[in-house]
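Here you go, sequence then predicted model.
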Amino acid sequence: MIRTTISLMLLALAGATPAADWPMFLGDAARSNHSSETGLLQKWPEGGPPLLWDISGLGAGHSTPVVAQGVVYTIGRVGADEKRKGGKYTLSATDLRSGDLRWQVPCERVAQSTPAIAGDRLILGGTDQIYCHQLSDGQLLWQARVSELAGLDGDANQVWRKIGPTNPPNSASPLICQGLVIATPALPGVQVAALDLATGKLAWAVKDLDLDLYAPAASSALGFEVDGKPVVVAVLSDHLVGIDATTGERLWLKRMMDTSSAGRFYTQLNTPTWHDGFLVWLPGYHGKNAQAFRVEDGGRTLTRAWSKTDFAIKVKHEGAIAVDGLLYGSKGQVDGADLVAAPEVMVQGAKVKDYPEDWLKAWPRRPGCHKFPPHGAKSDFGDWTAGEWKGHELKGCLVAVDVATGELRGLRFGANLSAHCGHLHLYADGRLYSGPSGTLPQLLLIEPGPAMRVCGRLVVPEHDKVGYPSPVVADKLLLIRLGDRLLAYDIARK
């Protein structure tokens with residue numbers, strides 16, 4: 001490992017998580033992307049927060065770091081070449097404060113899946129092959145093949161190859177709730193299963209779902225409570241399924257889209273967003289309708305709240321973040337003419353009614369072709385002047401949408417979110433953290449609300465631009481994975 005020294009969660013269903021921890025994909029069982037950290041910088045200095053440490057040698061991979069008990073855990077292909085060929089899949093443990101490597105052990109091919117931690121156990125794999133490692137030293141405690149436990153014959157990988165999904169079968173991240181490991185193999189004969197965290201034995205399995213396409217989604221299952229009842233929601237290619245987390249009883253099955261046109265190339269990467277009784281589905285690469293549902297009656301009742309064909313948020317990875325009734329995400333196209341009918345919507349920190357109507361109507365759909373608003377319009381986009389914006393190729397827009405209605409509430413273009421792969425990453429201590437993505441080497445600190453005021457900008461070092469691992473906030477540090485490297489920035493309020 002190469003190391004450069006610069007200077008020296010939420011309540012998941014698995015149990016109480018210390019504020020400094022980030023134990024699974026998107027932070028917690030509900031996949032909220034929220035950190036319970038406090039005492040963080042509300043505005044960054046010029047150039048961003050100070051770098052605490054920068055290490056390499058962790059291996060290439062899409063996996064997001066997870067944090068527990070003062071240690072950062074990552075999965076990567078150590079020793080891979082520039083094209084990420086060769087090398088060995090490795091689980092690494094790094095001291096959170098110093099950046100010193102504690103240990104590395106070989107692991108299975110799950111470098112696109114984020115681990116999940118509960119107690120002294122670390123789980124790898126979220127579909128058919130599940131591996132349980134000891135948190136203290138990486139020792140393999142048990143491994144299980146879900147299809148075999150469910151009584152199926154044959155190799156799940158062969159089934160998936162015949163289907164030909166584009167998403168790798170090991171992209172889904174495991175979920176831990178109620179002392180169970182939730183896996184989503186999406187196979188004929190077993191679609192969702194729960195294994196005992198301590199032993200790896202099968203606790204329950206959902207085997208009777210009639211799907212149009214049996215293929216594991218790259219999005220991950222989530223768990224939350226409704227009226228005190230634990231519920232698991234899983235994405236299975238073109239369907240959403242709600243399950244009683246304790247018994248494995250199927251509560252409902254909802255077909256979300258027609259995959260017949262997508263065929264072999266269907267993929268679903270967005271994980272649904274759960275917020276204040278609403279479950280929001282964003283279709284990602286395929287499909288047209290974004291939808292939101294009310295989940296009630298202990299999770300047994302699913303009622304559509306709204307459905308929109310041309311939804312304001314267009315994201316491909318991870319979904320969106322909800323904060324105080326607003327859903328935040330990115331959009332690749334904006335039609336200024338549509339804004340004329342929405343005078344109260346905030347655009348660049350000012351209401352639409354404050355902009356000249358003729359300018360809005362002339363604003364083309366592709367934001368990269370727009371002209372900066374005339375000087376009479378109000379805007380607060382940091383230090384970007386009109387001259388800098390003019391002719392600048394923008395990479396998308398950050399939007400705020402009402403969770404309950406799906407209506408647009410705010411828009412900010414140029415907010416570091418690319419039209420193709422842009423996504424908002426996390427929320428901590430009253431701020432949103434956006435970026436970096438595979439093509440945009442910046443991370444922005446944003447104040448939530450329709451105006452989405454930018455409070456800081458951090459330009460990250462150049463990297464291979466492969467993969468979209470999310471930043472993580474833990475113990476007042478901002479962790480950013482860039483391929484083989486992991487960087488820690490001090491974001492504590494002094």
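Arrived safely.

Could you grab the helix/strand/coil label for the closest residue to residue 59 other than its chain neighbours?
The shortest distance from residue 59 to any non-neighbouring residue, by C-beta to C-beta, 6 or more residues apart in numbering, is to residue 76 (2.3 Å). (Each C-beta comes from the backbone N, C-alpha and C, glycine too.) At residue 76, secondary structure determined by DSSP: H, G, I helix; E, B strand; the rest coil is strand.

can you pull the contacts of residue 76?
Residue 76 is in contact with 58, 59, 60, 61, 63, 89, 90, 92, 111, 484, counting by C-beta atoms under 8 Å, 6 or more residues apart in numbering.

Convert stretch 68-79 to CSV, keeping the C-alpha atoms and dropping everything else.
The C-alpha trace of stretch 68-79 is given here as CSV (Å, rounded to 0.1, in the frame of the first residue of the first chain):
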residue,chain,number,x,y,z
ALA,A,68,-17.7,0.5,11.8
GLN,A,69,-15.8,0.8,15.1
GLY,A,70,-13.2,3.2,13.7
VAL,A,71,-12.3,1.0,10.7
VAL,A,72,-13.0,1.5,7.0
TYR,A,73,-13.7,-1.6,5.0
THR,A,74,-13.3,-1.8,1.2
ILE,A,75,-13.4,-4.4,-1.6
GLY,A,76,-11.2,-4.1,-4.6
ARG,A,77,-9.1,-6.0,-7.2
VAL,A,78,-5.6,-5.5,-5.9
GLY,A,79,-2.9,-5.6,-8.6
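
Buried residues, it. List them.
If you call a residue buried by 16 or more other C-beta atoms under 10 Å, then stretch 68-79 has these buried ones: 68, 71, 72, 73, 74, 75, 76, 77, 78.

Least confident secondary structure element in the chain?
helix 386-389 (a mean of 38; mean pLDDT, DSSP states H and E).

Helix or strand next in line after that one, which one?
Per DSSP states H and E, the first helix or strand lying C-terminal to helix 386-389 is strand 397-402.

name the helices or strands packed onto that following strand?
The contact analysis (3 or more C-beta pairs under 8 Å, 6 or more residues apart in numbering; DSSP states H and E) places strand 397-402 against strand 326-331, strand 408-413.

list the contacts for residue 95?
70, 71, 72, 101, 102.

What residues are recorded as beta-bridge partners of the second one?
Counting by DSSP bridges, residue 71 forms beta bridges with residue 68, residue 95.

Show me which pair in the contacts of residue 76 is furthest apart.
Using C-beta to C-beta, those reach their maximum pairwise distance at 89 and 484, which is 13.3 Å.

so where is the stretch 1-150 of the chain shaky, pLDDT-wise?
1-19, 82-84, 111 (pLDDT under 70).

And the helices in it?
146-149 (DSSP state H, counting those that start in this stretch).

quick one: buried residues of stretch 148-155?
Neighbour count says stretch 148-155 has 148, 149, 150, 152 buried, by 16+ other C-beta under 10 Å.

how far away is the first one from residue 127?
Going back to what we said before, that points to residue 148. 13 Å (C-beta to C-beta, to the nearest Å).

mind putting the buried residues of stretch 148-155 in CSV, distance to residue 41 included?
Formatted as CSV, the buried residues of stretch 148-155 follow (distance: C-beta to C-beta, whole Å):
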residue, distance to residue 41
148, 49
149, 47
150, 48
152, 51
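
out of these, what pair is the most spread apart?
149 and 152 (8.8 Å).

Off-centre distance for stretch 132-150?
24 Å (C-alpha atoms, centre = their mean, to the nearest Å).

Would you enumerate the residues in contact with residue 246?
178, 230.

Greatest separation within the buried residues of stretch 68-79: which pair is it?
Longest span within these, C-beta to C-beta: 68 and 77, 22.7 Å.

And the spatially closest residue to residue 201 that is not a sequence neighbour, how far from residue 150?
Of all residues not flanking residue 201 in the chain, residue 195 sits nearest, at 6.6 Å (C-beta to C-beta, 6+ apart). Counting by C-beta to C-beta, the gap from residue 195 to residue 150 is 11 Å.

Would you confirm that residue 409 contacts residue 342?
No. Assessed by C-beta atoms under 8 Å, residue 409 is found out of contact with residue 342, at 9.1 Å.

Remind me which helix or strand residue 432 belongs to.
strand 431-434.

Relative to the whole chain's centre, how far out is that strand?
Its chain's average C-alpha position is 13 Å from that of strand 431-434, according to C-alpha atoms, centre = their mean.

Run the angle between the following helix or strand past it and strand 397-402 for me.
Per DSSP H and E, the first helix or strand lying C-terminal to strand 431-434 is strand 442-446. Inter-element angle recorded for strand 442-446 and strand 397-402: 30 degrees (by axes from the mean of the first three to the mean of the last three C-alpha atoms, to 10 degrees).

quick one: what helix or strand has residue 306 in it?
strand 301-308.

Please work out which residues outside that strand touch it.
With C-beta under 8 Å, 6+ apart, strand 301-308 has contacts from 242, 251-252, 254, 278-279, 289-296, 404-406.

Mind checking which of the residues you listed are in strands?
Counting by DSSP state E, these place 242, 251-252, 254, 278-279, 290-296 in strands.

where's the dip in pLDDT among the residues you listed?
Note: of the ones in strands among the contacts of strand 301-308, the lowest pLDDT belongs to residue 290, at 88.

I'd like to know how many residues surround that residue.
25 (other C-beta atoms under 10 Å).

Contacts only, for it.
Here residue 290 is in contact with 280, 281, 282, 283, 307, 308, 311, 313, 406 (C-beta under 8 Å, 6+ apart).

Please repeat the previous calculation with a cut-off of 7 Å.
281, 282, 283, 308, 311, 313 (C-beta atoms under 7 Å, 6 or more residues apart in numbering).

so how far is residue 402 from the first one?
Right, the one you point to is residue 281. 16 Å.

neighbour-wise, which of the two wins?
residue 281 (25 against 16).

Residue 289 is in contact with that one, correct?
No. Between residue 281 and residue 289 there is no contact under C-beta atoms under 7 Å: 8.3 Å.

Near the residue lying closest to residue 240 once chain neighbours are set aside, how many other residues are there?
Leaving aside its sequence neighbours, residue 240 sits nearest to residue 254 (C-beta to C-beta, 6+ apart; 4.6 Å). When neighbours are counted by other C-beta under 10 Å, residue 254 registers 16.
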